[in-house]
Each structure stands twice: as structure tokens, then as C-alpha cells.
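Asker: Got a sequence here, can you build the structure:
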Amino acid sequence: MVRLKPISFLTLSFALFVCPFLSSVAGDKKSDKKNPQQVAAYVAPTDPSLYVGADTCKTCHDEIYSGFQQTAHFATTMDSKLDAHKGVEWHGCEACHGPGKAHVDGGGDVSKIFTFKDATPQQTSSRCLRCHQYTEEHGNYDRSMHLANGIACIDCHSPHHPKESQYLMKAKSPELCYTCHQDIRAQFARPFHHRVPEGLLQCNDCHNPHGSYRPKQLRTNASGDEVCYKCHTEKQGPFVYQHEAKIEGCMICHSPHGSTNQRMLVQNQVNLLCLSCHSLNADAGPAAIPTFHNQSQKYQSCTLCHVAIHGSNTSGVFFTP
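Answerer: From the prediction side, this is the model:
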């Protein structure tokens, strides 16, 4: 019979202290490997001997090559129009898929070349961002909400067989956006809406799908203010008397996608919207509504009197512009 030595209190204390720490470190390393945000940017090899050229790819992938040949990518990569990128790693199919010599020598071994099908959104998008990250439109995609939610470039764009020639889109806007944003589709079905379904506006007129520093990936106008002022310039000001609600943005009062109110207000009745701030139980904001206001149906629209509700240069209570 083997007699075990008793474990000292010091040894036991050390084990209880160190083991959770080591397991935490191991867990962190394991999670880092699974965390797609940790994937480094793709850097293509520059050795020309590793590349075989697009004509070699065409011998097996003629159908894909034929579709790719009709896109703007083909002209850019094949005709050397990328002035800043002259190396062989920037041309043809291998500009995106990486060097193909090992793939060809292996008889078409798919493990010897990068394929987008089984890669993470971060891995696939890093290939696209090699060229597109320096543009104002795409510069924030690596921190965008789309990428953070697992949406890769190729989920919206098709480099080989695009349905829309413009931007190589898989479908026309807004139908492409609706595949994920079904709730927004329902809002546009309301009686009063911005004319996106009619084709007069597009989702990306207001939102930058590739990322923005503003909430909801909203764009800004030329002066850096809310994108609404790009069209509704008369509402911007500056005014001598500014409606304080505008500090919180247009959407504090308006529902931009659609509403049951003809002014696209978040509530159907104007007075109820105003009373959400101008009431006796309001926690903050302007003074409560005076008791002499007649709230019968005939006078329920506050803007009958307060006509310059976005701001005024002559009236502190917005009676005149």
C-alpha cells in the first residue's frame, strides 16, 4: 500500500491561486484563435515564381473567368490600372485568391489556395480591403456594424457574377438590404415614407453600409451635420431661437423610414408628441404646457400656432419664422 504525503497548506493555497489563472490564460489563447476579430490583414507574397497568371486559372475555371471578365475588377487587375500597385500579386485572379502555383501543381488541391467559401467574414473582407480600405467610402469597414455582425463584403457583392453592374451588387437596393432588415421593409410600407421603395432614394443615400462614426452607420452632410440636412437645408439653421429638441437629432420627433403621420412623426397626433416633453410630469426639458392651452380636437395641432417649430429668428416660442 502506497502512503501519500500530506499536502501542505502553502502548496494547496498556491495551487488554488495559480491554477485558475493558468486556465484563464489558456482559455484566452483558445478564444483568441476562435475570435475572428483577431485575424490579421492579408499580406500577399511578392515572389513572382509563386504566381501562374489568370490565363492558367481560365483553363479550369472558364465559367468563373467569363463572369469575372465582364466586371470592373477585371479591367483594373488585368490592365494594370492600379498605379500604386504594380507587382504581380495585384493582378488577375491571384490578386484576391493569392498565389496559385501550389494549387496548380497539386492538381487543383483547394487547400493550396485561398477560397472565400469557408473563410470568416474578417478573412474575406481583409482581401477586399487591400484595395478598398483607403477610400472614404470603405475606410471604416473593419470597424463597421456589418462586419461586427458577421456580414462580409461578398454577402452583398459578387465579384464573379453580380446581378447589378454598379458596385458588383448581388441584388438591387433596397431589396438587398431587406434580406436582413425586414423590420425596415415594414416601416417603408406605412402610408407616409421616404421614397425609397419608389426608387427616388436609396438606403445608402442616408446610410454608409461600409461603416460610419455615427449611430446606425448614418452619413453626414458636407458640413458634418446630420444627413437629413443634405435635403432639408431650410431646417438646419442656425436660428436665433433654436428648438431644444434638435439637440437630440431629427429622429427624436421623426421616423425617417415611414410613419402614419404625414410629417413622418413618431406619433400620429402632433400634440401628443409635443406633450412628451411639454407636460407637467416631464423630468427635463422646456417648461410644461400652460394651463390655458385648449386641447380640444380643434386645437390639437400645436403647429397651428407654433409654425416655425424647427427654429425661428424672430419668436422665442416659434410663432413666426
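Asker: per-domain residue ranges of the chain.
Answerer: Split into domains by automatic domain parsing, the chain comes to 48-168, 175-217, 229-312.
Asker: for the last one, how far is the first residue from the last?
Answerer: Distance between the boundary residues of domain 229-312 (Cα to Cα, to the nearest Å) amounts to 17 Å.
Asker: any idea which of the domains of the chain scores lowest on pLDDT?
Answerer: Mean pLDDT is lowest for domain 229-312 among these, at a mean of 83.
Asker: Touching stretch 72-79 from outside, list them.
Answerer: 54, 68, 81, 82, 90, 91, 92, 95, 159, 168 (Cβ atoms under 8 Å, 6 or more residues apart in numbering). No exception for glycine: its C-beta is placed from N, CA and C like everyone else's.
Asker: With distance to residue 114, secondary structure and neighbour count as extra columns, can I get these in CSV?
Answerer: Below are the contacts of stretch 72-79 laid out as CSV (distance: Cβ to Cβ, whole Å; DSSP: H, G, I helix; E, B strand; the rest coil; neighbours: other Cβ atoms under 10 Å):
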residue, distance to residue 114, secondary structure, neighbour count
54, 15, helix, 20
68, 16, helix, 22
81, 23, coil, 10
82, 19, coil, 14
90, 15, helix, 18
91, 16, coil, 19
92, 14, coil, 24
95, 11, helix, 23
159, 13, coil, 20
168, 19, helix, 19
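Asker: For residue 259, which non-adjacent residue is spatially closest?
Answerer: Leaving aside its chain neighbours, residue 259 sits nearest to residue 192 (5.3 Å; criterion: Cβ to Cβ, 6 or more residues apart in numbering).
Asker: same question, residue 236
Answerer: Residue 236's closest residue in space is residue 229 (Cβ to Cβ, 6+ apart), at 4.3 Å.
Asker: how many neighbours does residue 185 have?
Answerer: Counted with other Cβ atoms under 10 Å, the neighbours of residue 185 add up to 18.
Asker: What of residue 303?
Answerer: Look at residue 303: counted by other Cβ under 10 Å, it has 13 neighbours.
Asker: for residue 193, same thing?
Answerer: 18.
Asker: and the nearest residue to it once chain neighbours are set aside, what is it in contact with?
Answerer: Nearest in space to residue 193, with sequence neighbours left out and distances taken as Cβ to Cβ, 6+ apart, is residue 258 at 3.6 Å. Contacts for residue 258 were tallied using Cβ under 8 Å, 6+ apart; they are 187, 188, 189, 190, 191, 192, 193, 194, 264.
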